[in-house]
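**Q** got a predicted structure here, sequence first:
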Amino acid sequence: MRRALCRHCSFLLRTKSSIHFARLYASDSVQGLDQAIIARARRLADQYNQLSKEAATDTDFTPETAQRQKRLSELEQVNAAWTAWRASQDNLKELQGLMQSTDDAEMKALAAEDLEITRQELQSCSDELEKSIMPKHPQAHLPALLEIRAGVGGDEANLFAGDLLRMYEKYAASKRWTIQLYSISRTEIGDGITEAVLSISAGKRQGEVFGRLQGEAGVHRVQRTPATETKGRTHTSTVSVHVLPEVDDDAEQAFKLDMSEVKLEVMRSRGAGGQHVNRTESAVRLTHIPTGLSISMQDSRSQHANKRAAITILTSKLAALRQDEADAVQVGLRRQQVSSSDRSEKIRTYNFAQNRVTDHRCGYSSHDLEGVLAGGEALDGMLDEAGKWIAKQALQASEET
C-alpha cells in the first residue's frame, strides 16, 4: 500500500507549478534491484492484468478458464508486490524532487524525515518483489535427503562431519521438522563419523524442506586447530554434503522406480572390522542395472526396513539424475546453475580462529560460527543468503532459455 506523505510535504507537492523537479537517475529508482528482476516483474504483472481482463469475460467453466484461474492465482503475489514497489518508488521520487526544489529549511527537514522512512519501505518492497518472482525448484516442497561424507583431513574431517550432522539435526529440531537417520558410520575418535544419510521432512507442518536445504550441497571446508595438535598449527579438512529431494516411490511423482531393473541382494550385516554382527540376512544392497547405481543399507535389524530405506534413497538419486539430464538439455547441454553449480565445489569455509563462516558463492560471512553450528538464527541467515544466490542463478538460467 502506498504510504501517505506528511501534510507539509503534500501541500508543497500540490504546488507543482512552482517546483522544478530534478531528473532522477535510474540507480535511484531500482533501489538495488537487478534490471533483470524488474523486467521480469513487469512482464509477469502485465500478464496478470491481461489474464484478469480475459477472466472478467468468462461465462463458462472450461479447461481453459480453469488454467487461466490457476495462472492468476500464481501471479497474484507478484502483481501485489509489483504494485506496492512502484507506489513506494513514486513516493521516493516525489520526496527526492521536493528536497532538490525547495529552499525552505523546515520543508527540507520534514521531507528528509519522510525520505528516510520511505527508503526503508522501498527496501522492504524490493525484498518482497525479488522474493515473489524468483523461480522455485519444482521439488522444493519435498523432504530433503542429506548425505554427509568426510573428505580430506583424516580424523579431523570425521569430527567435522559429525559436527555438520548435529548442526542439521539441531536446525531441523528448531523448525520442528521430522528427522530419520537412515544410516551412519561412526568412528572410534570422539563424535566423528565417516558418513551419514538422513531424511528431513516437514511432516504435517508447512515447510519447503528441500527448497530450504538445497543450497547446502557441496564441499564444506573447516580450518581449525585439532585438540591433538601440539604445535598449534591450523589444519584444513573437508566434508561433502549432497542434498536431494526425497522421492517416495509410492507417492504421485513424475519418476517411478521400475523394480524389474533393480538387482536385490541380501546379506548379513558387517561391523567396522568386517565381521558379521547379525545372524540373519538383514543387510540389503540394491543395484540399478541400467545406471549401475548401487545403494547398501544395514543399519536396521529388519531386512524390510533396510530394503524400504534403500528403495527411497535409490528412487531419489535416480529422480535427481533424470532432473539433471533434463536441466542440461533445457539450458543447452550445460547443467542448470541451481542448488549450486558442481556438487564437488567448495561452497563454505568455517574458520574457527576468526570465528567466521563464509559462503563462497554469494560472499556472505557470519561472525557467529558457534551459532551456525548450533543450527540457530545464524545458520538461518546463511541459508537466506545462499537461497537468494540460488534463486538468482535459476532466474538467470530461465531468462537464457
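**A** Nice, I can see it. This one's a predicted model, so the numbers in the text were calculated from it and none came from an experiment.
**Q** before we move on, which element is C362 in?
**A** Assigned by DSSP states H and E, C362 belongs to no helix or strand.
**Q** before we move on, what SS does the residue lying closest to it once chain neighbours are set aside have?
**A** The shortest distance from C362 to any non-neighbouring residue, by CB to CB, 6 or more residues apart in numbering, is to W389 (3.9 Å). Quick note: C-beta positions are derived from backbone N, CA and C, even for glycine. The three-state assignment at W389 reads helix, by DSSP: H, G, I helix; E, B strand; the rest coil.
**Q** now W389: how far from E64?
**A** Using CB to CB, to the nearest Å, one obtains 38 Å as the distance from W389 to E64.
**Q** neighbour count winner among the two?
**A** W389 (19 against 11; other CB atoms under 10 Å).
**Q** any idea of the pLDDT on the more buried one?
**A** Looking at W389, its pLDDT stands at 88.
**Q** contacting residues for it?
**A** Applying CB atoms under 8 Å, 6 or more residues apart in numbering, we find W389 in contact with 215, 359, 361-362.
**Q** out of the residues you listed, which is most surrounded?
**A** G215 (26 neighbours).
**Q** can you give me the helices in this protein?
**A** In order along the chain, the chain carries the following helices (DSSP state H): 7-14, 26-30, 35-56, 63-101, 105-133, 155-174, 209-213, 303-330, 369-373, 377-400.
**Q** out of these, flag the one nearest R285.
**A** Taking CB to CB as the measure, the helices of the chain were each checked against R285, and helix 303-330 came out nearest at 7.5 Å.
**Q** please state the offset of the closest one from the chain centre?
**A** Its chain's average C-alpha position is 20 Å from that of helix 303-330, according to CA atoms, centre = their mean, to the nearest Å.
**Q** got the angle between that helix and helix 377-400?
**A** Helix 303-330 runs at 40 degrees relative to helix 377-400, counting by axes from the mean of the first three to the mean of the last three CA atoms, to 10 degrees.
**Q** for helix 303-330, buried residues please.
**A** In terms of neighbour count (16 or more other CB atoms under 10 Å), helix 303-330 has its buried residues at 303, 306-320, 323.
**Q** before we move on, back to that, right, and the helices of the chain - which one's nearest E188?
**A** Once the helices of the chain are compared by CB to CB, helix 155-174 is nearest, at 9.5 Å.
**Q** direction included, what does the lengthiest strand in the chain pair up with?
**A** Using DSSP state E to define each element, the chain has its longest strand at strand 235-245. Applying DSSP bridges, strand 235-245 is found paired with strand 144-150 (antiparallel), strand 218-224 (antiparallel).
**Q** please identify the most buried of those strands.
**A** Per-residue neighbour counts averaged over each of the strands paired with strand 235-245 give the maximum for strand 144-150, namely a mean of 24 (mean count of other CB atoms under 10 Å).
**Q** can you list the residues that contact that strand?
**A** 157-158, 160-161, 164-165, 168, 192-201, 209-210, 212-214, 216, 237, 239-246, 312-313, 316.
**Q** returning to that earlier point: nearest to A36, of the contacts of W389?
**A** Nearest to A36 among those, with distances taken as CB to CB, is C362, at 16.6 Å.
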